[in-house]
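> Here's my sequence, what's the structure:
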Amino acid sequence: MHVYVLNRQRVWRGVVLTGLGLMLLAWGYWFDHTLRRTVPASAMQPVYQGSAEQKEVALTVNVFWGEEYLPRMLAILKEENAPATFFIGGQWAEQFPRMVQEIAGQGNEIGNHGYSHPHPDQLSVAGNLNDIRRAEEILAKINGSRPQLYAPPYGEHGPAVLEASRDAGCRTILWSVDTIDWQKPSPEVISQRVLGKVHNGAIILMHPTAPTVEALPGLIKELKKQGYHLVTISTMLKHMEGEKQDR
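Next up is the predicted model:
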């Protein structure tokens, strides 16, 4: 009788533990999917450029350093009435929340540049998703909205990166014109790199550097002179979707 009671206790203990395990799995599944925004499978592919039919370009600025150059950059964008899309790193945003608010408050778009600036192609899907969501939470607390655009550090966009971005409800944004301004070339070289390759729907990659700021006023004026409209990435994507619906 004593052995029977002990065995029955073990059975019930196993049933309870199994039930708790199933409940935790179900909760984890629910929690993950409540955070996941729906993005079509086609949106998993990275975006390099906008529509070839639209005379528009998008300036993008990846920010994980260079805060000393941002006030002047923002002033130039405001003076030229030229909105840009700023992809902000989470760790940087934690240090400079007011600057993030200033960027957004001026009418620029805020995107996600991950939290810690890792090499995304060296991470798993879960690792990338965690890095994206950590930055997302910080930016949401600062601005009150979650970015739906993600620019992966170093432009790395292997399968695990794209899947994580999709699962986070983001579009992965790359570029078609690279200033390579992180190497600190002269302002003239930056301008030549852009104007020599600019095209309809170009996404132009920049960073907050001294030569970039120096080149920016003349670069924007020349783009406008050539008939280009400067828009945010979201505006560019809306125009692309509108064209698809019209076909």
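
> now the end-to-end length of stretch 135-153.
For stretch 135-153, the first-to-last residue distance is 13 Å (Cα to Cα, to the nearest Å).

> sorry, that was for stretch 183-202
21 Å.

> Also stretch 75-86?
Start-to-end, stretch 75-86 (Cα to Cα) is 14 Å.

> how far does that stretch sit from the chain's center?
19 Å (Cα atoms, centre = their mean, to the nearest Å).

> again with stretch 231-241
Counting by Cα atoms, centre = their mean, stretch 231-241 comes out at 15 Å from the chain centroid.

> same deal with stretch 227-235?
On Cα atoms, centre = their mean, the centre of stretch 227-235 falls 17 Å from that of its chain.

> buried set for that stretch?
For stretch 227-235, a neighbour-count test (16 or more other Cβ atoms under 10 Å) marks 228, 230, 231, 232, 233, 234, 235 as buried. Where C-beta positions appear, they are placed from N, C-alpha and C, glycine not excepted.

> Please apply the same query to stretch 57-66.
Those would be 57, 58, 59, 60, 61, 62, 63, 64, 66, for stretch 57-66 by 16+ other Cβ under 10 Å.

> Going along the chain, name the helices of the protein.
Ranges of helices in the chain, per DSSP state H, are 2-35, 70-79, 90-95, 97-105, 125-143, 159-167, 187-195, 210-225, 233-246.

> what about those, which gets the closest to residue 201?
helix 233-246 (6.8 Å; Cβ to Cβ).

> Put the alpha carbons of that closest one into CSV.
Provided in CSV are the C-alpha atoms of helix 233-246 (Å, rounded to 0.1, in the frame of the first residue of the first chain):
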residue,chain,number,x,y,z
ILE,A,233,11.6,55.4,-47.1
SER,A,234,7.9,54.9,-46.0
THR,A,235,6.7,57.4,-48.7
MET,A,236,8.9,55.6,-51.3
LEU,A,237,7.4,52.2,-50.3
LYS,A,238,3.8,53.6,-50.5
HIS,A,239,4.4,54.8,-54.0
MET,A,240,5.8,51.4,-55.0
GLU,A,241,2.7,49.7,-53.5
GLY,A,242,0.4,52.1,-55.2
GLU,A,243,2.0,51.3,-58.6
LYS,A,244,1.5,47.6,-58.0
GLN,A,245,-2.2,48.1,-57.2
ASP,A,246,-2.7,50.2,-60.4
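
> Helix 187-195 and the longest strand seen in the chain, what's the angle between them?
Using DSSP state E to define each element, the chain has its longest strand at strand 56-63. Our comparison of strand 56-63 with helix 187-195, counting by axes from the mean of the first three to the mean of the last three Cα atoms, to 10 degrees, yields an angle of 130 degrees.

> What strands line up against strand 56-63, and which way round?
With DSSP bridges as the test, strand 56-63 is paired with strand 85-88 (parallel), strand 202-206 (parallel), strand 229-230 (parallel).

> just to revisit the earlier point, which of the buried residues of stretch 57-66 sits closest to residue 200?
Looking across these and measuring by Cβ to Cβ, the closest to residue 200 is residue 57, at 8.0 Å.
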